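1. Compute the structure for the input listed below.
(2 chains)
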Amino acid sequence: MRNGLLTVTPAFFKVWLRNAQVYVALLKFNIIPALVEPMLFIIVFGLGLGSYISEIEGVPYVKFVAAGILGSASIMQATFECTYGSFFRMKIQNTFEGMISTPISAGEVSLAEILWGASRGFFNSVLVLSALLVLGVVNHWQAVFAPVFMFLAAFNFAALAILVTSRIAQMEYFRFYFAGFVLPAQFLCGTFFPVSRFPEPVQLFAWAIPFTSYVDITRSLLLDRPSWRLGLEAIYALAATLLFTEIAVRSMHKRLIT
Amino acid sequence: MVIEARALNKRYGDIVAVESLNFSVEKGRCYGLVGPNGAGKTTTMKMVYCIVTPTAGSLRVFGLDVREHPRRIKARLGVVPQENNLDPDLTTWQNLMVYARYFGLPRQLARARCREQLDFMHLSDRADTPVPDLSGGMKRRLIMSRALVNDPELIILDEPTTGLDPQVRHLIWDKLLELRDRGITLLMTTHYMDEAQKLCDEIIIMDEARRIDEGSPDDLIHRHLPPYVLEVRAGRALAADIRGRFPQISHQESGRSLYFYGGSSADFDGILSTWPQVERVLRPASLEDVFLKLTGREIRA
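-> Numbering: from 1, shown residues only, chains lettered A, B, ... in the order given. As a prediction, this is how the structure comes out:
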């Protein structure tokens, strides 16, 4: 238990603050580009493709796909932040080494990076949700809780990204991670089509990834379709997220303190 | 004792970075770790500031075990790393304030400290400058300021003046001596022997993961070399000729230079009268000569 989450003190928030400070300093570079992809998704899948698909699971396609657009906007932001962003801070700018030369611990740096990635995913989901509200795609009040689950989904992907970042020697390896995991997850986890449409092995893959549960929960919030099954999904997803976070923090600790 | 290392070892797999290292650092003095690249200096320093964990042996800083109390140790020291790790997206002032926050300084105190340290390093008029707009010397001075925001008892500097112009080097030397005179302990590495000779009270020479000698600069020079050196630049044939004619004068060869060592400058009269035209320098023996003797080629009599 020497290097895991239990050793992290509230000091980790100072590292989160440092990232937030840099984010604000570079605000114009951060906000607008991050919105382009989800907006394209709304146009392409919602309005474009949606006009050919009348209904999925009893709702207009654009309403079905809203949760997927929110989800993919969150996880992609978190993933970029904690792969390329964190790797850059770790290896190119030596920022982490500077931090751990102060009373901040390696575990605190790791958790702060994960929380920061999750925060960026969360901001993004709030922006995209606002756009969906304005467009009238989302109209149930329960939708205000959607960013909570988007935050958790982003947290999960941030933790996975930190785990990968802690294990690779050069940035190019991220391409394997994106091609082998992030993109399949982005498209297969019930985001743009129901998981039940896929062959059984793909369904297993999809449900094993907590993201599928987070998207499912978000969708039921947006469409006002509560169900007991969602509770089980939430428990599974939270447990998996916590586990990945613990593994990621330990792994990054090992990378930073040699 | 500020630092006490006993039988300190660090291995990475089969690679031995530091082997059976013993040394002690007393309060208020400046210690230099010198040695060729790869000798284990940086690894040793990183163990002191707790980002590298020893494989074996004991290392205590401020009397605390580095494995047990990294946070308490790090709170009391300042680090000037070899690589620039300033935040390029923030200004000079923000860089300092972010670190003051890492050290948990209350806001008022943090501001006062940052102002004080900017002033100390002559950077006050650069407070709002973004880091990429600072010159190399200013960046180095900012890293020094940053290492001081927590009012450390021990400052660890890894090659603090590499790549800097003479003005900045002199400024940094001045400041380091001032800090030492205030009772702050300094542990530094350097490849510049003039720097080590000027700043360090005690020098630890490392080579191939081990400590090979230790002492004050004067002590090391006296122990290893006669007081005078005649440096002769000569081609291979002439060098062989001189060596053959004066085999009794101990010497060392390095590239196109021959270094003759003597108890007085008169020892070299024979060489100088036989080859009056040869390109040469007669000077007192320096730490650099000791370094080359211990880590480079041995003297052959």
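
2. My reading is that residue B:54 is in a strand; is that accurate?
-> No. Using DSSP: H, G, I helix; E, B strand; the rest coil, the secondary structure at residue B:54 is coil, not a strand.

3. From residue B:9, how far off is it?
-> Using Cβ to Cβ, to the nearest Å, one gets 6 Å for the distance from residue B:54 to residue B:9. Backbone N, C-alpha and C define where each C-beta goes, glycine included.

4. what sits in contact with each of these two?
-> Overlap between the contact sets of residue B:54 and residue B:9, as judged by Cβ atoms under 8 Å, 6 or more residues apart in numbering or on different chains, is given by residue B:18.

5. which of those two has more neighbours?
-> A count of neighbours by other Cβ atoms under 10 Å in any protein chain shown puts residue B:54 above the other of residue B:54 and residue B:9, at 21 against 17.

6. so that one touches residue B:7, yeah?
-> No. Between residue B:54 and residue B:7 no contact is recorded; they are 9.6 Å apart, counting by Cβ atoms under 8 Å.

7. Any stretches of the stretch 201-301 of chain B with poor pLDDT?
-> Under the criterion pLDDT under 70, the flagged ranges of the stretch 201-301 of chain B are B:297-301.

8. Mind doing that once more with 90?
-> Scanning the stretch 201-301 of chain B for pLDDT under 90 picks out the ranges B:225, B:231-260, B:262-280, B:288-301.

9. got it, and the stretch 51-200 of chain A?
-> Across the stretch 51-200 of chain A, residues meeting the criterion (pLDDT under 90) sit at A:51-66, A:127-128, A:130-144, A:188, A:190, A:192-193, A:196-198.

10. Would you mind listing what in it touches chain B?
-> Near chain B, the residues belonging to the stretch 51-200 of chain A are A:93-95, A:97-106 when assessed by Cβ under 8 Å from any Cβ of the partner chain.

11. one more time with 6 Å, if that's ok
-> A:94, A:97-98, A:100-104 (Cβ under 6 Å from any Cβ of the partner chain).

12. all strands for the chain, in order.
-> All of this is about chain A. In chain order, chain A shows strands spanning A:55-56, A:59-60, with DSSP state E as the criterion.

13. That was the other one, I meant chain B.
-> Going by DSSP E, chain B shows strands at B:3-12, B:15-25, B:30-34, B:56-61, B:64-65, B:77-80, B:154-158, B:185-189, B:202-207, B:210-215, B:228-233, B:251-254, B:257-262, B:279-284.

14. Can you convert those into JSON lines and add a column each for distance to residue B:245?
-> Converted to JSON lines, the strands of chain B look like this (distance: least, Cβ to Cβ, whole Å):
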{"stretch": "strand B:3-12", "distance to residue B:245": "47"}
{"stretch": "strand B:15-25", "distance to residue B:245": "42"}
{"stretch": "strand B:30-34", "distance to residue B:245": "34"}
{"stretch": "strand B:56-61", "distance to residue B:245": "50"}
{"stretch": "strand B:64-65", "distance to residue B:245": "59"}
{"stretch": "strand B:77-80", "distance to residue B:245": "49"}
{"stretch": "strand B:154-158", "distance to residue B:245": "45"}
{"stretch": "strand B:185-189", "distance to residue B:245": "41"}
{"stretch": "strand B:202-207", "distance to residue B:245": "33"}
{"stretch": "strand B:210-215", "distance to residue B:245": "32"}
{"stretch": "strand B:228-233", "distance to residue B:245": "12"}
{"stretch": "strand B:251-254", "distance to residue B:245": "12"}
{"stretch": "strand B:257-262", "distance to residue B:245": "12"}
{"stretch": "strand B:279-284", "distance to residue B:245": "15"}
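
15. To residue A:36, which of those strands lies closest?
-> When those are ranked by proximity to residue A:36, the top entry is strand B:77-80, at 40.7 Å, counting by Cβ to Cβ.

16. how distant is the closest one from the center of its chain?
-> Here strand B:77-80 is found 14 Å from its chain centre; the criterion is Cα atoms, centre = their mean, to the nearest Å.

17. In its sheet, which strands sit next to it, and in what direction?
-> Looking at strand B:77-80 with DSSP bridges, its paired strands and their directions are strand B:154-158 (parallel).

18. okay, the angle between the strand it pairs with and strand B:56-61?
-> Here the directions of strand B:154-158 and strand B:56-61 differ by 120 degrees (axes from the mean of the first three to the mean of the last three Cα atoms, to 10 degrees).
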